[in-house]
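**Student:** build me a model from this:
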Amino acid sequence: MTSQVSAYTSRQIHFATLAIGATAKQMGVSSTEVFNRLKRHDLIKKLLFDCYDTLHAESIEGVVWNVMTALENWEKKEGASK
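**Tutor:** This next block holds a predicted model:
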């Protein structure tokens, strides 16, 4: 049986790690906090892995902006549905 992690390339995993760390730094929070918030909305897969081909060509600032914007939008949506 193939695990979810092995389905992704080492480049994708490295990219996701970099994106999470850079986003955490920009937000002034820990990488663990950003990881957990992204994981709650399945954005690690939906954004960082599924959109890897598009995002990895952007600047790190662009990637951070995309991550922060997606996270903000999903958390607003979650708050509205409660």
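**Student:** off-centre distance for stretch 56-70?
**Tutor:** Counting by Cα atoms, centre = their mean, to the nearest Å, stretch 56-70 is centred 9 Å from the centre of its parent chain.
**Student:** could you list the low-pLDDT ranges of this structure?
**Tutor:** 1-6, 80-82 (pLDDT under 70).
**Student:** which residue ranges of it form strands?
**Tutor:** Counting by DSSP state E, the chain has no strands at all.
**Student:** who does the biggest helix by length in the chain touch, helix- and strand-wise?
**Tutor:** In the chain, assigned by DSSP state H, the helix with the most residues is helix 60-81. Secondary-structure packing of helix 60-81 (3 or more Cβ pairs under 8 Å, 6 or more residues apart in numbering; DSSP states H and E): helix 10-27, helix 31-40, helix 43, helix 52-55. In this view, the C-beta of every residue, glycine as well, is placed from N, C-alpha and C.
**Student:** no further questions, thank you.
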